[in-house]
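J.: Here's my sequence, what's the structure:
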Amino acid sequence: MNNTNKILVIEDERKIASFIRRGLIEAEYEVDVATSGQEALEMVQEEEKGYTLILLDLMLPDMDGFDICAKIRADGVQTPILILTARNSTEDKIKGLNMGADDYLTKPFAIGELVARVKALLRRGPSVVDGILKIGDLTLNTKTYEVYRGDKMIELSQKEFAILEYMMRNEGIVLTRTMIEDHAWDYEFDSFSNVVDVYIRLLRKKIDDGHKNKIIRTVRGVGYKVKT
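T.: Predicted coordinates:
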């Protein structure tokens with residue numbers, strides 16, 4: 001068991017909690033489960049060494065998951081938070097990220113994808129502070145929705161902003177098209193759709209054109225990443 005990575009799963013549906021716990025234990029993580037918001041907040045405060053990751057369901061019996069996320073951040077806890085929920089609207093995703101969450105995975109999901117997201121967040125470390133994401137001279141403000149390359153402001157659509165924020169929150173990590181689709185869209189995709197590629201091209205034109213240092217990178221046959 002990898003005791004350096006202890007994960008708290010906040011999920012009131014016992015079958016789902018058991019499914020997640022079993023999958024994470026098989027991936028050699030130590031796992032605690034909380035079935036209510038109050039129990040979760042107490043466990044976060046009482047865990048002596050602190051959790052290295054929190055998996056948070058939004059639909060809990062005693063407290064809204066967004067409020068739990070906000071309370072955890074208000075207490076100064078910067079542990080990465082991955083929201084797991086059936087609420088898949090773009091508005092909910094943006095709200096969760098603005099409350100301090102680091103990533104968002106909609107139900108139902110494959111345990112393999114969950115483990116991949118967990119590994120990516122653990123590689124990345126603590127949450128972004130003050131809503132500012134910065135890679136090289138590219139800056140994104142999650143509170144004001146402003147993006148700058150150097151001193152030049154870049155106008156992005158809501159979808160472009162959502163994709164860029166997701167990529168910047170996972171700096172250096174290769175994100176597959178499926179991961180980007182799941183994060184940025186509310187509906188099932190045609191598996192042959194190239195919409196992610198189209199949006200990446202739009203972002204490249206706005207962010208990288210005219211700059212020697214290209215931030216958005218293609219990993220052939222896998223997906224995309226951002227890196228200086």
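
J.: so Ile94 touches Lys159, yeah?
T.: No: here Ile94 lies out of contact with Lys159, judged by C-beta atoms under 8 Å, at a distance of 11.2 Å. Just so you know, the C-beta spots here come from the backbone N, C-alpha and C atoms, and that holds for glycine as well.

J.: what pairs with Met59 across the strands?
T.: Asp64 (DSSP bridges).

J.: mind listing what the most centrally placed residue in the chain touches?
T.: By C-alpha atoms, centre = their mean, the mean C-alpha position of the chain lies nearest to Asp103, the distance being 1.3 Å. When contacts are counted by C-beta atoms under 8 Å, 6 or more residues apart in numbering, Asp103 touches 80-83, 117, 120-121, 166, 169-170, 183.

J.: So which of those residues are in strands?
T.: Under the assignment DSSP state E, these contribute 81-83 to strands.

J.: Where does pLDDT dip in the chain?
T.: Residues of the chain that meet the criterion pLDDT under 70 lie in 1-4, 48-49, 124-130, 186-193.

J.: any idea how it splits into domains?
T.: Domain assignment for the chain, taken from automatic domain parsing, gives 2-124, 132-226.

J.: ends of the shortest one, how far apart?
T.: Yep, that's domain 132-226 we're talking about. End-to-end distance for domain 132-226, by C-alpha to C-alpha, to the nearest Å: 16 Å.

J.: So what's the gap between that domain and the chain middle?
T.: 14 Å (C-alpha atoms, centre = their mean, to the nearest Å).

J.: Count residues in the vicinity of Glu28, would you?
T.: Residues within reach of Glu28, counting by other C-beta atoms under 10 Å, total 10.

J.: Now it: phi and psi?
T.: phi 70, psi 40 (degrees, to the nearest 10).

J.: Equivalent analysis for Ile68, please.
T.: phi -60, psi -50.

J.: List phi and psi for the residue nearest to Glu146 when sequence neighbours are not counted.
T.: Closest residue to Glu146 apart from its sequence neighbours, by C-beta to C-beta, 6 or more residues apart in numbering: Met153 at 6.5 Å. The phi/psi pair for Met153 (degrees, to the nearest 10) reads phi -80, psi 140.
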